[in-house]
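Trainee: Whatever this is, show me its structure:
(one chain, ligands or ions: 1)
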Amino acid sequence: MSTSIQISAPGKLMLLGEHAVVYNRPCLVSAVDQRMHVTLELTTRDKFELNAEDVNIKNYQKPLSEIGGGEIPKGASFAEMAVKNFCEKYQLKKGIKITTQSQFSSLFGFGSSSAVTVCVIKGLSELTKISLSEKEVFDLSYKTILDIQGKGSGFDLAAAIYGGTLYFVTGGKKMEPLDTKGLELVVGYSGVKADTVTMVNLVKEKMIAQKKVIEKIFDYIAQLVEDARDAILKKDWRYLGTLMDYNQNYLEELGVSTEKLNRMITAARKTGAYGAKLSGAGGGDCMIALVSKEKQKLVQEAIQNNGGQILELAIEAEGVRFEE
Ligand code: PMV
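Mentor: Next up is the predicted model:
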(Lines give C-alpha, C1' and ligand atoms only; values in the text may rest on other atoms or scores of the structure.)
Protein backbone atom coordinates (compact mmCIF):
# COMPACT_ATOMS: atom_id res chain seq x y z
CA MET A 1 0.00 0.00 0.00
CA SER A 2 1.35 3.40 -1.00
CA THR A 3 1.85 5.70 1.99
CA SER A 4 2.06 9.00 0.13
CA ILE A 5 -0.11 10.63 -2.50
CA GLN A 6 -0.44 13.90 -4.40
CA ILE A 7 -3.85 15.27 -5.25
CA SER A 8 -5.27 18.55 -6.52
CA ALA A 9 -8.66 20.25 -6.73
CA PRO A 10 -9.78 23.40 -8.55
CA GLY A 11 -10.95 26.69 -7.12
CA LYS A 12 -14.36 28.03 -8.13
CA LEU A 13 -16.35 31.06 -9.18
CA MET A 14 -20.01 31.56 -8.40
CA LEU A 15 -21.84 32.53 -11.61
CA LEU A 16 -25.30 33.22 -10.15
CA GLY A 17 -27.31 32.50 -7.01
CA GLU A 18 -24.99 33.24 -4.07
CA HIS A 19 -26.63 33.64 -0.66
CA ALA A 20 -29.98 32.35 -1.96
CA VAL A 21 -28.29 28.94 -2.31
CA VAL A 22 -27.72 28.86 1.46
CA TYR A 23 -31.54 28.90 1.79
CA ASN A 24 -32.54 25.97 -0.39
CA ARG A 25 -32.36 27.69 -3.76
CA PRO A 26 -30.20 26.74 -6.75
CA CYS A 27 -27.01 28.39 -7.96
CA LEU A 28 -24.58 28.06 -10.87
CA VAL A 29 -20.91 27.48 -10.07
CA SER A 30 -17.90 26.85 -12.26
CA ALA A 31 -14.52 25.35 -11.37
CA VAL A 32 -11.51 27.49 -12.36
CA ASP A 33 -8.15 26.36 -13.70
CA GLN A 34 -6.24 27.44 -10.60
CA ARG A 35 -5.69 24.51 -8.29
CA MET A 36 -4.96 23.61 -4.70
CA HIS A 37 -2.26 20.91 -4.48
CA VAL A 38 -2.07 18.63 -1.47
CA THR A 39 0.44 15.94 -0.50
CA LEU A 40 -0.81 13.37 2.01
CA GLU A 41 1.31 10.83 3.80
CA LEU A 42 0.44 8.07 6.29
CA THR A 43 3.18 7.93 8.93
CA THR A 44 4.12 5.78 11.90
CA ARG A 45 4.24 8.88 14.09
CA ASP A 46 1.25 9.19 16.40
CA LYS A 47 0.32 12.69 15.26
CA PHE A 48 -1.26 14.98 12.68
CA GLU A 49 1.25 17.24 10.94
CA LEU A 50 0.47 20.14 8.62
CA ASN A 51 2.41 22.57 6.46
CA ALA A 52 0.34 25.16 4.60
CA GLU A 53 2.68 28.03 3.85
CA ASP A 54 0.07 29.97 1.81
CA VAL A 55 -1.86 30.49 5.04
CA ASN A 56 1.17 30.77 7.35
CA ILE A 57 1.03 27.31 8.84
CA LYS A 58 4.52 25.86 9.36
CA ASN A 59 5.28 22.57 11.14
CA TYR A 60 1.90 22.48 12.88
CA GLN A 61 1.52 19.26 14.89
CA LYS A 62 -1.01 17.65 17.19
CA PRO A 63 -1.25 14.22 18.85
CA LEU A 64 -3.90 12.12 17.09
CA SER A 65 -5.91 11.89 20.31
CA GLU A 66 -6.30 15.70 20.38
CA ILE A 67 -7.27 16.27 16.76
CA GLY A 68 -10.18 18.68 16.36
CA GLY A 69 -9.90 19.89 19.96
CA GLY A 70 -8.28 22.89 21.66
CA GLU A 71 -7.15 25.98 19.75
CA ILE A 72 -6.96 25.43 15.99
CA PRO A 73 -5.37 28.20 13.91
CA LYS A 74 -7.68 29.38 11.12
CA GLY A 75 -5.37 28.19 8.35
CA ALA A 76 -5.30 24.65 9.79
CA SER A 77 -8.97 24.21 10.63
CA PHE A 78 -10.28 22.67 7.38
CA ALA A 79 -7.45 20.15 6.96
CA GLU A 80 -7.59 19.20 10.63
CA MET A 81 -11.37 18.79 10.79
CA ALA A 82 -11.39 16.85 7.51
CA VAL A 83 -8.82 14.44 8.98
CA LYS A 84 -10.80 14.18 12.22
CA ASN A 85 -14.06 13.42 10.40
CA PHE A 86 -12.43 10.83 8.14
CA CYS A 87 -10.59 9.09 11.02
CA GLU A 88 -13.74 9.01 13.17
CA LYS A 89 -15.97 7.70 10.43
CA TYR A 90 -13.57 5.05 9.12
CA GLN A 91 -11.71 4.18 12.36
CA LEU A 92 -8.34 5.22 10.95
CA LYS A 93 -5.59 5.33 13.59
CA LYS A 94 -2.46 6.35 11.71
CA GLY A 95 -0.20 9.37 11.74
CA ILE A 96 -1.01 11.78 8.89
CA LYS A 97 1.22 14.43 7.36
CA ILE A 98 -0.28 17.00 5.00
CA THR A 99 1.36 19.69 2.90
CA THR A 100 -0.75 22.12 0.87
CA GLN A 101 0.30 24.48 -1.88
CA SER A 102 -2.07 26.71 -3.78
CA GLN A 103 -1.76 28.12 -7.30
CA PHE A 104 -4.01 30.98 -6.22
CA SER A 105 -3.95 33.38 -3.30
CA SER A 106 -6.35 32.56 -0.47
CA LEU A 107 -7.31 36.25 -0.68
CA PHE A 108 -9.30 35.86 -3.92
CA GLY A 109 -12.17 33.85 -2.43
CA PHE A 110 -11.73 30.97 -4.89
CA GLY A 111 -12.51 28.41 -2.21
CA SER A 112 -9.11 27.27 -0.99
CA SER A 113 -10.62 25.83 2.22
CA SER A 114 -13.12 23.71 0.31
CA ALA A 115 -10.50 22.51 -2.15
CA VAL A 116 -8.24 21.43 0.75
CA THR A 117 -11.13 19.65 2.47
CA VAL A 118 -11.98 17.70 -0.68
CA CYS A 119 -8.31 16.79 -1.34
CA VAL A 120 -7.84 15.53 2.23
CA ILE A 121 -10.95 13.32 2.21
CA LYS A 122 -10.47 11.98 -1.30
CA GLY A 123 -6.74 11.50 -0.67
CA LEU A 124 -7.25 9.61 2.61
CA SER A 125 -9.81 7.34 0.95
CA GLU A 126 -7.23 6.47 -1.72
CA LEU A 127 -4.40 5.92 0.77
CA THR A 128 -6.52 3.67 2.99
CA LYS A 129 -8.25 1.94 0.04
CA ILE A 130 -11.63 2.82 1.54
CA SER A 131 -13.48 3.44 -1.68
CA LEU A 132 -15.84 6.46 -1.56
CA SER A 133 -18.26 7.64 -4.24
CA GLU A 134 -18.12 11.30 -5.27
CA LYS A 135 -21.31 11.88 -3.28
CA GLU A 136 -19.73 10.30 -0.18
CA VAL A 137 -16.71 12.58 -0.58
CA PHE A 138 -19.14 15.50 -0.88
CA ASP A 139 -21.15 14.52 2.20
CA LEU A 140 -18.14 14.12 4.48
CA SER A 141 -16.60 17.34 3.13
CA TYR A 142 -19.91 19.15 3.67
CA LYS A 143 -20.08 17.92 7.27
CA THR A 144 -16.54 19.31 7.73
CA ILE A 145 -17.55 22.75 6.37
CA LEU A 146 -20.66 22.87 8.57
CA ASP A 147 -18.67 21.77 11.65
CA ILE A 148 -16.41 24.80 11.15
CA GLN A 149 -18.68 27.46 9.64
CA GLY A 150 -22.12 26.46 10.91
CA LYS A 151 -23.74 27.54 7.65
CA GLY A 152 -22.98 27.16 3.95
CA SER A 153 -24.40 25.54 0.83
CA GLY A 154 -21.45 23.31 -0.17
CA PHE A 155 -21.43 24.69 -3.74
CA ASP A 156 -17.66 25.18 -3.61
CA LEU A 157 -17.12 21.53 -2.60
CA ALA A 158 -19.19 20.39 -5.57
CA ALA A 159 -17.01 22.45 -7.92
CA ALA A 160 -13.85 21.03 -6.33
CA ILE A 161 -15.11 17.43 -6.66
CA TYR A 162 -16.90 17.38 -10.02
CA GLY A 163 -15.26 20.31 -11.81
CA GLY A 164 -16.89 21.87 -14.89
CA THR A 165 -19.96 24.04 -14.39
CA LEU A 166 -22.79 22.87 -12.18
CA TYR A 167 -26.40 23.64 -11.46
CA PHE A 168 -26.33 23.09 -7.71
CA VAL A 169 -28.94 23.04 -4.94
CA THR A 170 -28.10 23.47 -1.24
CA GLY A 171 -26.29 20.59 0.41
CA GLY A 172 -25.87 18.77 -2.90
CA LYS A 173 -29.59 18.02 -3.32
CA LYS A 174 -28.97 18.56 -7.03
CA MET A 175 -25.64 18.66 -8.82
CA GLU A 176 -26.03 18.70 -12.59
CA PRO A 177 -23.25 19.43 -15.07
CA LEU A 178 -23.79 22.19 -17.67
CA ASP A 179 -21.81 22.80 -20.82
CA THR A 180 -20.59 26.42 -20.76
CA LYS A 181 -18.22 26.20 -23.71
CA GLY A 182 -18.01 29.65 -25.33
CA LEU A 183 -18.79 31.52 -22.11
CA GLU A 184 -16.07 34.15 -21.74
CA LEU A 185 -15.59 35.79 -18.37
CA VAL A 186 -13.42 38.66 -17.24
CA VAL A 187 -12.61 38.35 -13.53
CA GLY A 188 -11.62 41.38 -11.44
CA TYR A 189 -10.33 41.21 -7.87
CA SER A 190 -11.42 44.14 -5.73
CA GLY A 191 -8.28 44.09 -3.60
CA VAL A 192 -10.35 43.47 -0.48
CA LYS A 193 -10.41 40.09 1.24
CA ALA A 194 -13.98 39.23 2.20
CA ASP A 195 -15.00 37.00 5.05
CA THR A 196 -17.69 34.59 3.87
CA VAL A 197 -18.98 33.77 7.35
CA THR A 198 -19.42 37.47 8.18
CA MET A 199 -21.37 38.05 4.97
CA VAL A 200 -23.52 34.93 5.44
CA ASN A 201 -24.31 36.10 8.99
CA LEU A 202 -25.20 39.57 7.73
CA VAL A 203 -27.78 38.04 5.41
CA LYS A 204 -28.97 35.75 8.22
CA GLU A 205 -29.68 38.82 10.37
CA LYS A 206 -31.77 40.26 7.54
CA MET A 207 -33.55 36.97 7.16
CA ILE A 208 -34.50 37.10 10.84
CA ALA A 209 -35.56 40.77 10.73
CA GLN A 210 -37.36 40.81 7.34
CA LYS A 211 -38.11 37.19 6.56
CA LYS A 212 -40.90 37.67 4.01
CA VAL A 213 -39.01 40.23 1.94
CA ILE A 214 -35.76 38.28 1.95
CA GLU A 215 -37.54 35.03 1.04
CA LYS A 216 -39.09 36.87 -1.94
CA ILE A 217 -35.70 38.19 -3.03
CA PHE A 218 -34.34 34.63 -2.87
CA ASP A 219 -37.30 33.39 -4.93
CA TYR A 220 -36.47 35.99 -7.60
CA ILE A 221 -32.80 34.97 -7.53
CA ALA A 222 -33.84 31.32 -7.90
CA GLN A 223 -35.86 32.27 -10.99
CA LEU A 224 -32.81 34.08 -12.42
CA VAL A 225 -30.75 30.93 -11.90
CA GLU A 226 -33.35 28.79 -13.70
CA ASP A 227 -33.42 31.24 -16.63
CA ALA A 228 -29.62 31.44 -16.62
CA ARG A 229 -29.43 27.67 -16.89
CA ASP A 230 -31.68 27.83 -20.00
CA ALA A 231 -29.64 30.71 -21.41
CA ILE A 232 -26.47 28.62 -20.99
CA LEU A 233 -28.08 25.65 -22.74
CA LYS A 234 -29.02 27.96 -25.64
CA LYS A 235 -25.65 29.75 -25.47
CA ASP A 236 -27.56 33.03 -25.28
CA TRP A 237 -24.78 35.07 -23.65
CA ARG A 238 -26.55 38.39 -24.10
CA TYR A 239 -29.53 37.21 -22.06
CA LEU A 240 -27.28 35.51 -19.52
CA GLY A 241 -25.58 38.90 -19.05
CA THR A 242 -28.93 40.57 -18.43
CA LEU A 243 -29.74 37.94 -15.80
CA MET A 244 -26.38 38.58 -14.12
CA ASP A 245 -27.21 42.29 -13.95
CA TYR A 246 -30.55 41.51 -12.29
CA ASN A 247 -28.80 39.19 -9.84
CA GLN A 248 -26.38 42.00 -8.96
CA ASN A 249 -29.32 44.32 -8.22
CA TYR A 250 -30.69 41.84 -5.71
CA LEU A 251 -27.26 41.38 -4.13
CA GLU A 252 -27.08 45.14 -3.70
CA GLU A 253 -30.54 45.03 -2.06
CA LEU A 254 -29.19 42.41 0.32
CA GLY A 255 -26.38 44.81 1.21
CA VAL A 256 -23.49 42.53 0.27
CA SER A 257 -21.97 44.53 -2.59
CA THR A 258 -19.41 47.29 -1.99
CA GLU A 259 -18.76 50.65 -3.64
CA LYS A 260 -15.55 49.32 -5.14
CA LEU A 261 -17.28 46.25 -6.61
CA ASN A 262 -20.11 48.47 -7.91
CA ARG A 263 -17.60 50.76 -9.64
CA MET A 264 -15.84 47.83 -11.31
CA ILE A 265 -19.17 46.30 -12.35
CA THR A 266 -20.49 49.59 -13.79
CA ALA A 267 -17.23 50.13 -15.69
CA ALA A 268 -17.49 46.65 -17.22
CA ARG A 269 -21.08 47.23 -18.31
CA LYS A 270 -20.29 50.65 -19.79
CA THR A 271 -17.50 49.23 -21.92
CA GLY A 272 -19.70 46.58 -23.48
CA ALA A 273 -19.97 43.58 -21.13
CA TYR A 274 -23.23 41.65 -21.60
CA GLY A 275 -23.57 41.76 -17.83
CA ALA A 276 -21.57 41.89 -14.62
CA LYS A 277 -21.96 41.06 -10.96
CA LEU A 278 -20.04 40.24 -7.82
CA SER A 279 -19.12 36.58 -7.39
CA GLY A 280 -19.31 34.87 -4.00
CA ALA A 281 -20.29 36.23 -0.62
CA GLY A 282 -19.60 39.90 -1.46
CA GLY A 283 -18.01 42.42 0.89
CA GLY A 284 -14.94 42.28 -1.40
CA ASP A 285 -13.28 39.43 -3.31
CA CYS A 286 -14.09 39.27 -7.04
CA MET A 287 -16.52 40.47 -9.67
CA ILE A 288 -17.18 38.74 -12.97
CA ALA A 289 -18.21 40.22 -16.32
CA LEU A 290 -19.61 38.27 -19.24
CA VAL A 291 -17.87 39.66 -22.30
CA SER A 292 -17.51 38.83 -25.99
CA LYS A 293 -13.95 38.09 -27.11
CA GLU A 294 -13.79 41.40 -29.04
CA LYS A 295 -14.64 43.52 -25.99
CA GLN A 296 -12.41 41.71 -23.51
CA LYS A 297 -9.47 44.11 -23.59
CA LEU A 298 -11.66 47.18 -23.22
CA VAL A 299 -13.53 45.70 -20.28
CA GLN A 300 -10.32 44.58 -18.59
CA GLU A 301 -8.85 48.08 -18.89
CA ALA A 302 -12.03 49.66 -17.53
CA ILE A 303 -11.94 47.38 -14.50
CA GLN A 304 -8.26 48.15 -13.93
CA ASN A 305 -8.92 51.88 -14.24
CA ASN A 306 -11.40 51.48 -11.40
CA GLY A 307 -8.88 49.85 -9.11
CA GLY A 308 -9.52 46.21 -9.94
CA GLN A 309 -6.87 43.55 -10.58
CA ILE A 310 -7.55 41.28 -13.55
CA LEU A 311 -7.19 37.57 -12.80
CA GLU A 312 -6.40 35.50 -15.88
CA LEU A 313 -8.19 32.20 -15.60
CA ALA A 314 -10.51 29.85 -17.41
CA ILE A 315 -13.67 28.20 -16.10
CA GLU A 316 -14.89 24.60 -16.56
CA ALA A 317 -11.72 23.14 -15.01
CA GLU A 318 -11.34 19.45 -14.14
CA GLY A 319 -12.46 18.32 -10.68
CA VAL A 320 -10.33 16.65 -8.02
CA ARG A 321 -7.59 14.42 -9.46
CA PHE A 322 -4.48 12.52 -8.45
CA GLU A 323 -1.16 13.99 -9.59
CA GLU A 324 2.03 12.15 -10.54
O1 PMV B 1 -17.37 33.77 -0.47
P2 PMV B 1 -17.48 32.59 -1.34
O3 PMV B 1 -16.87 32.77 -2.67
O4 PMV B 1 -17.05 31.34 -0.68
O5 PMV B 1 -19.04 32.39 -1.67
C6 PMV B 1 -20.01 32.24 -0.69
C7 PMV B 1 -21.32 31.95 -1.31
C8 PMV B 1 -22.49 31.94 -0.33
O9 PMV B 1 -23.65 31.60 -1.07
C10 PMV B 1 -22.71 33.30 0.27
C11 PMV B 1 -22.28 30.93 0.79
C12 PMV B 1 -22.47 29.48 0.38
O13 PMV B 1 -21.97 28.61 1.12
O14 PMV B 1 -23.13 29.19 -0.62
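Trainee: tell me the SS of the residue lying closest to Glu49 once chain neighbours are set aside?
Mentor: The shortest distance from Glu49 to any non-neighbouring residue, by C-beta to C-beta, 6 or more residues apart in numbering, is to Lys97 (4.3 Å). From N, CA and C alone the C-beta is placed, and that goes for glycine too. Three-state assignment for Lys97 (DSSP: H, G, I helix; E, B strand; the rest coil): strand.
Trainee: Let me see the contact set for Lys97.
Mentor: Neighbouring residues of Lys97 by C-beta atoms under 8 Å, 6 or more residues apart in numbering: 40-41, 43, 45, 48-50.
Trainee: Could you give me the PyMOL selection string for whichever of the residues you listed are buried?
Mentor: To isolate the buried ones among the contacts of Lys97 in PyMOL, judged by 16 or more other C-beta atoms under 10 Å, type:
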select buried, resi 40+41+48+49+50
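Trainee: Out of the contacts of Lys97, name the ones that lie in strands.
Mentor: Mapping these onto strands (DSSP state E) picks out 40-41, 43, 48-50.
Trainee: ok so, going back, nearest to Leu157, of the contacts of Lys97?
Mentor: The shortest approach to Leu157 among these belongs to Leu40, at 17.6 Å (C-beta to C-beta).
Trainee: Now name the helix or strand holding the nearest residue to the closest one once chain neighbours are set aside.
Mentor: Ranked by C-beta to C-beta, 6+ apart and with sequence neighbours excluded, the top spatial neighbour of Leu40 is Gly123, at 4.1 Å. Following DSSP states H and E, one finds Gly123 within helix 112-128.
Trainee: confidence score at the residue nearest to Leu40?
Mentor: Per-residue pLDDT puts Gly123 at 98.
Trainee: Could I get the contacting residues of Ile303?
Mentor: For Ile303, the contact set (C-beta under 8 Å, 6+ apart) comprises 186, 188, 264, 267-268, 287, 289, 310.
Trainee: So which residues of the chain form helices?
Mentor: Secondary structure of the chain (DSSP state H): helices located at 77-90, 112-128, 134-149, 155-162, 196-209, 211-234, 237-254, 259-270, 296-305.
Trainee: got the contact list for the third one?
Mentor: By C-beta under 8 Å, 6+ apart, the list of residues contacting helix 134-149 from outside reads 77-78, 81-82, 85-86, 89, 113-114, 117-118, 121-122, 125, 132, 152, 154, 157-158, 160-162, 171-172, 175, 196-197, 200, 320.
Trainee: Buried only: go through these for me.
Mentor: Among the contacts of helix 134-149, those buried by neighbour count (16+ other C-beta under 10 Å) are 77-78, 81-82, 85-86, 113-114, 117-118, 121-122, 125, 132, 152, 154, 157-158, 160-162, 171-172, 175, 196, 200, 320.
Trainee: So what's the residue count around the closest residue in space to Ser106 that isn't next to it in sequence?
Mentor: Among residues not flanking Ser106 along the chain, Ser112 sits closest, at 4.6 Å (C-beta to C-beta, 6+ apart). By other C-beta atoms under 10 Å, 27 other residues sit near Ser112.
Trainee: how many neighbours does Ile130 have?
Mentor: If you count neighbours by other C-beta under 10 Å, Ile130 ends up with 14.
Trainee: and the nearest residue to Arg321 once chain neighbours are set aside, what does it touch?
Mentor: Once flanking residues are discounted, Arg321 sits nearest to Ser8: 6.2 Å by C-beta to C-beta, 6+ apart. The contact partners of Ser8, by C-beta under 8 Å, 6+ apart, come to 35-38, 119, 320-321, 323.
Trainee: Just the buried ones from the residues you listed?
Mentor: 35-38, 119, 320.
Trainee: For Lys211, give its distance to the ligand.
Mentor: Distance check for Lys211 against the ligand: by C-beta to the nearest ligand atom, to the nearest Å, it reads 18 Å.
Trainee: Skipping adjacent residues, who's closest to whichever residue of the chain sits closest to the ligand in space?
Mentor: The chain approaches the ligand most closely through Gly280 (2.6 Å), counting by C-beta to the nearest ligand atom. Leaving aside its sequence neighbours, Gly280 sits nearest to Gly109 (C-beta to C-beta, 6+ apart; 4.7 Å).
Trainee: Make CSV from the buried ones among the contacts of Ser8 and add distance to the ligand and pLDDT to it.
Mentor: Listed next are the buried ones among the contacts of Ser8 as CSV, based on distance: C-beta to the nearest ligand atom, whole Å; pLDDT from 0 to 100:
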residue, distance to the ligand, pLDDT
Arg35, 16, 96
Met36, 14, 97
His37, 20, 97
Val38, 19, 98
Cys119, 17, 98
Val320, 17, 98
